[in-house]
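# what's the 3D shape of this:
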Amino acid sequence: MSKKPFVFKEFQIYHDQCAMKIGTDGVLLGAWTSLKNRPFSILDIGAGTGVLALMLAQRSDAEIIDAIEIDDNAFEQCVDNFEQSPWGDRLFCYHASLADFVKELETEEDRYDVIICNPPFYSEDYKTDNNQRDLARFQDAMPFNHLLESVSKLLSEIGVFSVVIPFKETSTFTELASKFNLFPNRILHVKGTPTSEIKRALLEFSFRESETIIESLIIETERHKYTESYINLTKDFYLKM
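Numbers count the residues shown, from 1 in each chain. Here you go, the predicted model:
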């Protein structure tokens, strides 16, 4: 397996030990997540390579940027990626399950102003022969219900939670979130091309009910011809943008 890093403008990521490699979903989420509330603390749930935490470190002055990763290899790689980055003093990865991490929460002061997650997808009934990849990809490794209940305990009063999910799961996810008093403030529908179906939804939740702002993003007009919106969103990260 290649040990070459994925190079961004201000940092690089080694991902040979991680089941989930660097992909468009994660980069879009890291670039789109709102930092308007000038967060003091950020949490990346299921960090993998650590790319989301690193993107938010580049974009913000947050003093605490924590990550949780349960897989042994991914955890080690995430720690290495953090240490080699320009923001190593602000980044910390916990080798823990989400349930155990929630149990360790001691006071309301320990809650996070921004929580970000690129969760496992594919709740479909098939599994591959690669257990590590399955753990990263399948929703039963982190059921949405468990994720949302945990977020409701970890998010500060003024905090925002952002997540990327398959578009077809949007209404189920939003309905579940409302049971934990989490309400959608912004949604971004992502299409590969102008004629393709909406594949992904990026959602931002908070404890504040408001009219949901729904926007759309098309990635390419044709192969490798990126739209202006996509370039504007990702140009601080991708080398060739």
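# state the mean pLDDT of the strand or helix carrying residue 205.
According to DSSP states H and E, residue 205 maps onto strand 198-206. Taken as a whole, strand 198-206 carries a mean pLDDT of 97.
# quick check: buried residues in that strand?
198, 200, 201, 202, 203, 204, 205, 206 (16 or more other CB atoms under 10 Å). (Each C-beta comes from the backbone N, C-alpha and C, glycine too.)
# which residue is the nearest non-sequential neighbour of the fourth one?
Meaning residue 202. residue 188 (4.1 Å; CB to CB, 6 or more residues apart in numbering).
# go on, the second one?
Residue nearest to residue 200 in three dimensions, not counting chain neighbours: residue 190, with 4.2 Å by CB to CB, 6+ apart.
# so who does the one you found touch?
Taking CB atoms under 8 Å, 6 or more residues apart in numbering, we find residue 190 in contact with 28, 167, 198, 199, 200, 201, 202, 216, 217, 219.
# which other helices and strands contact the strand holding residue 205?
In terms of contacts (3 or more CB pairs under 8 Å, 6 or more residues apart in numbering; DSSP states H and E), strand 198-206 is packed against helix 24-32, strand 155-166, helix 170-178, strand 183-191.
# the same query, at a cut-off of 10 Å, please.
Judged by 3 or more CB pairs under 10 Å, 6 or more residues apart in numbering; DSSP states H and E, strand 198-206 is in contact with helix 24-32, strand 112-117, helix 144-154, strand 155-166, helix 170-178, strand 183-191, strand 213-218.
# average pLDDT for the fifth one?
The predicted model gives helix 170-178 an average pLDDT of 94.
# show me what it is in contact with.
119, 123, 143-145, 147-149, 151-152, 161, 163, 165-166, 169, 182-184, 187, 189, 198, 200-201, 203, 205, 209, 212 (CB atoms under 10 Å, 6 or more residues apart in numbering).
# show me which of these are buried.
Buried by 16+ other CB under 10 Å: 119, 144, 147-149, 151-152, 161, 163, 165-166, 169, 182-184, 187, 189, 198, 200-201, 203, 205, out of these.
# can you give me the neighbour number for residue 42?
Residues within reach of residue 42, counting by other CB atoms under 10 Å, total 27.
# can you tell me the SS state at it?
Three-state assignment for residue 42 (DSSP: H, G, I helix; E, B strand; the rest coil): strand.
# lowest-confidence helix or strand of this protein?
The weakest-scoring helix or strand in the chain, judged by mean pLDDT, DSSP states H and E, is helix 131-137 (a mean of 52).
# follow-up on the earlier one: hey, what's the residue nearest to residue 202 bridged with?
Counting by DSSP bridges, residue 188 is bridged to residue 202, residue 215.
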